[in-house]
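Chemist: predicted structure and sequence below. I'll ask about it afterward.
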Protein chains: 2
Amino acid sequence: MPDQAPDTTFDLNQFLPYRLNRLADQVSEQLAHLYESSYSLTIAQWRVLAWLNQCEVLTAKQIRDATRMDKARVSRAVQVLVDRQLISRSPDQQDQRAHHLRLTEAGCALLNQLLPEAQAWEASLLSALSGAERGALLKAMAKLEDALGQSAVVNPAT
Amino acid sequence: MPDQAPDTTFDLNQFLPYRLNRLADQVSEQLAHLYESSYSLTIAQWRVLAWLNQCEVLTAKQIRDATRMDKARVSRAVQVLVDRQLISRSPDQQDQRAHHLRLTEAGCALLNQLLPEAQAWEASLLSALSGAERGALLKAMAKLEDALGQSAVVNPAT
DNA sequence: CTCGGCCGGTTTCATGTGTGACCATTTGCC
DNA sequence: GGCAAATGGTCACACATGAAACCGGCCGAG
């Protein structure tokens, strides 16, 4: 037995970050399988498409802010989608560095197929929860995300 | 304007898998920074250590089941930890293929430093939630994980 | 006007990861 | 006993990703 007995009061199963990631990984993995196997889409690519579906036209920076994804990750996802002609990239007249991104018809068509599937999957998952539970879950998640965004939690001096 | 107008009823911000991953990614990223910068630990490695802290002795398979991590991922994490002498690997007498894994003194010492930091970080994060909210969150997450594990959700024929 | 800092976006590099093949051992079945 | 299938674990390969360097274009101070 070691000198310093480890902290026996710690239960990884009660540790929120761990639980959160384990759950998110499982959800992600199963959904990713749908995107990937049926449509050859990365999660990053799917997110770009989904946001463009909502906002009509966006710049890469805006997508980055919305999804909180890495700069490079967005860039690469956009690259592939443009190559596959699912989105179009046109120069921004105001700012020559930026590009306007929007769905092409092919992109819309793909989403019209994919979205119902994704929603069905989500519905099937959510059926495990009551309406109240669902609401509580989303509210708690929103609060956490809020807390994370602002204070960066444990903000050590400055 | 495309023929097929895309589904305007879909809001990615309301889409649970997306929200779940966005949140988990943020949490993960910040915590991973702690593990990595201060202790040079991967998340996978941290999980192995944390489980060994609870269970004294485990086999790789057991860790795999507990964490739901990939076979290879566990194997690699264990490899590194053994090299760094944070855990020890001894042959299983019953099954020559398996190995018993346990913390070394160095491993315990490291955990005794790391655990309080991790717990403090979690506490700081959880302070954004009331006790009731916290309970509801964990309960909902447990239910979802349960649903995922069993039915694999949308189990297409078979 | 112009020079330095800032910013949008791309690329390079190192690394962690999943997939699938593979080896050795165990286990079930004949 | 002995052979086939399953199982614990490792390895080779391909790939998505984050960090950081980098390339223009923008913008404010002098």
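Modeler: In hand now; what should we look at?
Chemist: from here on, just use CA atoms for contacts and neighbour counts.
Modeler: Noted.
Chemist: ok, and the closest non-adjacent residue to A:Pro91?
Modeler: Spatial nearest neighbour of A:Pro91, chain neighbours left out: A:His99 (4.5 Å); criterion: Cα to Cα, 6 or more residues apart in numbering or on different chains.
Chemist: now do the one you found against DNA strand D, distance only.
Modeler: Distance check for A:His99 against DNA strand D: by Cα to the nearest atom of the strand, to the nearest Å, it reads 11 Å.
Chemist: same deal with A:Arg134?
Modeler: Applying Cα to the nearest atom of the strand to A:Arg134 and DNA strand D gives a distance of 27 Å.
Chemist: was I right about that residue contacting A:Leu126?
Modeler: Yes - A:Arg134 lies in contact with A:Leu126 (Cα atoms under 8 Å); the separation is 7.5 Å.
Chemist: returning to that earlier point: looking at the residue nearest to A:Pro91 now. What's its pLDDT?
Modeler: Here, the pLDDT recorded for A:His99 equals 94.
Chemist: and if you look at A:Gln150?
Modeler: Model confidence at A:Gln150, given as pLDDT, is 64.
Chemist: what ranges do the helices span in chain A?
Modeler: A:16-39, A:43-55, A:60-67, A:71-83, A:105-126, A:131-151 (DSSP state H).
Chemist: check which helices and strands the fourth one sits against.
Modeler: When you say that, I think you mean helix A:71-83. Other elements packing on helix A:71-83 under the criterion 3 or more Cα pairs under 8 Å, 6 or more residues apart in numbering or on different chains; DSSP states H and E are helix A:43-55, helix A:60-67, strand A:87-91.
Chemist: single out the most deeply packed of those.
Modeler: Ranked by mean neighbour count, the helices and strands packed on helix A:71-83 are led by helix A:43-55 with a mean of 20 (mean count of other Cα atoms under 10 Å in any protein chain shown).
Chemist: what about that one, near DNA strand D?
Modeler: Yes - for helix A:43-55, a contact with DNA strand D is found by Cα under 7 Å from any atom of the strand, at A:Ile43, A:Ala44.
Chemist: which residues touch that helix?
Modeler: Residues from elsewhere that reach helix A:43-55 (Cα atoms under 8 Å, 6 or more residues apart in numbering or on different chains): A:32, A:35, A:58, A:63, A:67, A:73-74, A:77-78, A:80-81, A:87, A:101-103, A:107-108, A:111, B:6-8, B:10-12.
Chemist: so which bits of chain A are right by DNA strand D?
Modeler: Residues of chain A lying near DNA strand D by Cα under 7 Å from any atom of the strand: A:42-44, A:69-73, A:77, A:94-97.
Chemist: nearest to chain B, of those?
Modeler: Using Cα to the nearest Cα, A:Met69 comes nearest to chain B of those, at 8.6 Å.
Chemist: can you pull the contacts of that closest one?
Modeler: Neighbours of A:Met69 in contact, by Cα under 8 Å, 6+ apart: none.
Chemist: can you list phi and psi of it for me?
Modeler: Main-chain torsions, A:Met69, degrees, to the nearest 10: phi -90, psi 160.
Chemist: same check on A:Gln85?
Modeler: The phi/psi pair for A:Gln85 (degrees, to the nearest 10) reads phi 60, psi 40.
Chemist: my read is that the residue nearest to A:Pro91 contacts A:Ile87, right?
Modeler: No - A:His99 lies out of contact with A:Ile87 (Cα under 8 Å); the separation is 11.8 Å.
Chemist: hmm, back to that, and the least confident of the residues of chain A next to DNA strand D?
Modeler: Lowest pLDDT among the residues of chain A next to DNA strand D: A:Gln94, with 88.
Chemist: point out where chain A drops to low pLDDT.
Modeler: Counting by pLDDT under 70, chain A contains low-confidence ranges at A:1-8, A:150-158.
Chemist: need the residues of it near DNA strand C, please.
Modeler: A:59-62, A:71-72, A:74-76, A:78-79, A:97-100.
Chemist: filter these down to the buried ones.
Modeler: Applying 16 or more other Cα atoms under 10 Å in any protein chain shown to those, the neighbour count classes A:Thr59, A:Ala60, A:Lys61, A:Val74, A:Ser75, A:Val78, A:Ala98, A:His99 as buried.
Chemist: how about the nearest residue to A:Thr42, chain neighbours excluded?
Modeler: A:Glu36 (6.3 Å).
Chemist: so what's the residue count around the one you found?
Modeler: Look at A:Glu36: counted by other Cα atoms under 10 Å in any protein chain shown, it has 14 neighbours.
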